[in-house]
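Asks: Dropping a prediction and its sequence here:
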Amino acid sequence: MNRVVRRAVWWAQDYAYAAVQQARAAATLQRPEVYSSGERTPIVVLPGIYETWQFMHPLIRRVHEQGHPVHVIDVLRRNLGTVPEIADQVGRHLAEHDLGDAVLLAHSKGGLAGKLAMLGPEASRIRGMLAVATPFGGSRYARLMLPRTLRALSPRDPSIVSLAGQRRVNARIVSVYAGFDPHIPEGSELPGARNVRLETGGHFRVLIHPQVFAELMALAR
């Protein structure tokens, strides 16, 4: 299979997975409090843009089965706020629930907010973050988007440039990403972080890759 065909297959599989997960998320009536119990390291979930926490349900369920309390910040809804607004909500949640030594589990845009929270006033409550398919350097496709919340992910956006220049927390971040991401052609490599490049393609389907769970468990151990 040549590279063009392989990438087309990955792209189709990725969108099929996303469509199924969005449909399941819309249909579920389960409350996030079901996963808030546990005695091990607390995990705080930060979904990507247009995603609810249910989109990450397969990973959340596995984490909870290992004894970790999973915290969902319900006010984020579909993650349409600005990165600073979301980071502020993360800090508030950590303080209100008196969480300490927490690990952030983030997808896509959620990883940007997670990094900013690690630089914020509640940073001491955060052990580290596992970021999956996060556009730390932005995505050039964002410039073509009409909604401001998407255009803010452009590599030239001041918020992206500023966040990229703040590297002191990068060593506490694990960035996992596919070798081919149809949404982030620049990739998700983060200088100074632990970067894990998966030999597959996709932006959404990587959430269920076995290495993602393994890296999360290592970070939360």
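Replies: Everything's here; your move. Numbering: from 1, shown residues only.
Asks: State the distance from Gln21 to Thr28.
Replies: Gln21 is 11 Å from Thr28, where distance means Cβ to Cβ, to the nearest Å. To be clear about C-beta, it is placed using only N, CA and C from the backbone, and glycine gets the same treatment.
Asks: anything in contact with each of those two?
Replies: Common neighbours of Gln21 and Thr28 (criterion: Cβ atoms under 8 Å, 6 or more residues apart in numbering): 54, 57.
Asks: Between the two, which is the more surrounded one?
Replies: Using other Cβ atoms under 10 Å as the criterion, Gln21 and Thr28 rank with Gln21 on top: 21 against 11.
Asks: Just give the closest residue to that one, not the sequence neighbours.
Replies: Using Cβ to Cβ, 6 or more residues apart in numbering and skipping residues adjacent in sequence, the residue nearest Gln21 is Phe55, 5.1 Å away.
Asks: Got the phi and psi for the one you found?
Replies: Main-chain torsions, Phe55, degrees, to the nearest 10: phi -60, psi -30.
Asks: Number of residues surrounding it?
Replies: 24.
Asks: hey, where'd the strands end up in this protein?
Replies: Ranges of strands in the chain, per DSSP state E, are 43-46, 70-72, 102-107, 126-132, 173-180, 194-201.
Asks: Confidence-wise, which helix or strand of this structure is lowest on average?
Replies: Lowest by mean pLDDT, DSSP states H and E among the helices and strands of the chain is helix 148-151, with a mean of 81.
Asks: tell me what it is packed against?
Replies: With contacts defined as 3 or more Cβ pairs under 8 Å, 6 or more residues apart in numbering; DSSP states H and E, helix 148-151 has no helix or strand neighbours.
Asks: Would you mind stating the distance between the residue nearest to Gln21 and Thr200?
Replies: From Phe55 across to Thr200, the span is 19 Å (Cβ to Cβ).
Asks: repeat for Val9
Replies: According to Cβ to Cβ, Val9 and Thr200 sit 11 Å apart.
Asks: Same drill for those two, tell me which one is more crowded.
Replies: Thr200 (17 against 12).
Asks: and the more buried one, what is it in contact with?
Replies: 10, 178-180, 206, 209.
Asks: Please go through the protein and pick out the longest helix.
Replies: If you go by DSSP state H, the chain has its longest helix at helix 3-27.
Asks: In terms of secondary structure, what does it contact?
Replies: Applying 3+ Cβ pairs under 8 Å, 6+ apart, one finds that helix 3-27 contacts helix 57-65, strand 173-180, strand 194-201.
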